[in-house]
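Enquirer: model this:
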Amino acid sequence: MARRWFRRRNFLIHPTYQLASAFTAIIYILAYSMLLAFLIFFPLEWEFTAAGDFQEQLELAQQILRLHGRVWPSILIIALLVGVHAVLRAHRTAGPLFRLQETLRAYGRGQFGLRMRLRRRDWFRELEACVNELGASLQERWARFEARRENAAKGVETLRRHLQGCGGSDPLAERLLAQVRDELEALRREAEARGTA
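Expert: Have a look, this model is predicted:
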């Protein structure tokens, strides 16, 4: 059975953020490693220059070369591992940010029924509940708006029929009813457009 973490399809959800995190981590590791290397090699270099005989200098030089052969490749391997770890670690931040962005875009298109879902190990878990509450609130408000628009349209139609039944024709009332009907029709089209977006 494949392990769960192998299922991830896209490691770079937000490449700029994730790679910047990795680059920063690598720079820190290299800077700390340079300081550590200085603390390791400087005393040896000091001993080498202070050594009086050739045999002692030869032993110190061999020791310094062996250390160089071990320390620098180790530092590079550690820096690369830390960089990869930083990318994967930043994935837990970039994933929720990506999902937040997509959810808010959907809300902007009127898809208020969409809910944000985060993975179990993602960060910002409290953000999921807040965004989903926002979606539920927008969905509820949109439903109330739709109901009011429908009631207003029915009221305008009832008023129009009432005015026609009275026998008298009032051009101003007809013109105002036509304007209200046009506004309600524009709202209906906007609601349909949001529903299909």
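Enquirer: rest of the way, CA atoms for contacts and neighbours
Expert: OK.
Enquirer: run the chain-centre distance for stretch 132-143.
Expert: Distance of stretch 132-143 from the chain centroid (CA atoms, centre = their mean, to the nearest Å) equals 21 Å.
Enquirer: next, the buried residues of it.
Expert: Neighbour-count burial for stretch 132-143, with 16 or more other CA atoms under 10 Å as criterion, is recorded at 132, 134-136, 138-139.
Enquirer: CA-only coordinates of that stretch in CSV, if you can.
Expert: The C-alpha trace of stretch 132-143 is given here as CSV (Å, rounded to 0.1, in the frame of the first residue of the first chain):
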residue,chain,number,x,y,z
ASN,A,132,-17.3,28.5,5.4
GLU,A,133,-19.4,30.7,7.7
LEU,A,134,-18.9,33.5,5.3
GLY,A,135,-20.1,31.3,2.4
ALA,A,136,-23.2,30.2,4.4
SER,A,137,-24.0,33.7,5.4
LEU,A,138,-23.7,34.9,1.8
GLN,A,139,-25.8,32.0,0.6
GLU,A,140,-28.5,32.8,3.1
ARG,A,141,-28.5,36.5,2.3
TRP,A,142,-28.6,35.8,-1.4
ALA,A,143,-31.6,33.5,-0.9
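Enquirer: hmm, who's touching that stretch?
Expert: Stretch 132-143 is contacted by residues 107, 112-116 when judged by CA atoms under 8 Å, 6 or more residues apart in numbering.
Enquirer: check stretch 96-105 too.
Expert: 13-14, 114-118, 122-124, 131.
Enquirer: what do you get if the cut-off is 10 Å, keeping everything else the same?
Expert: 13-14, 91, 94-95, 106-112, 114-119, 122-125, 127-128, 131-132, 134-135 (CA atoms under 10 Å, 6 or more residues apart in numbering).
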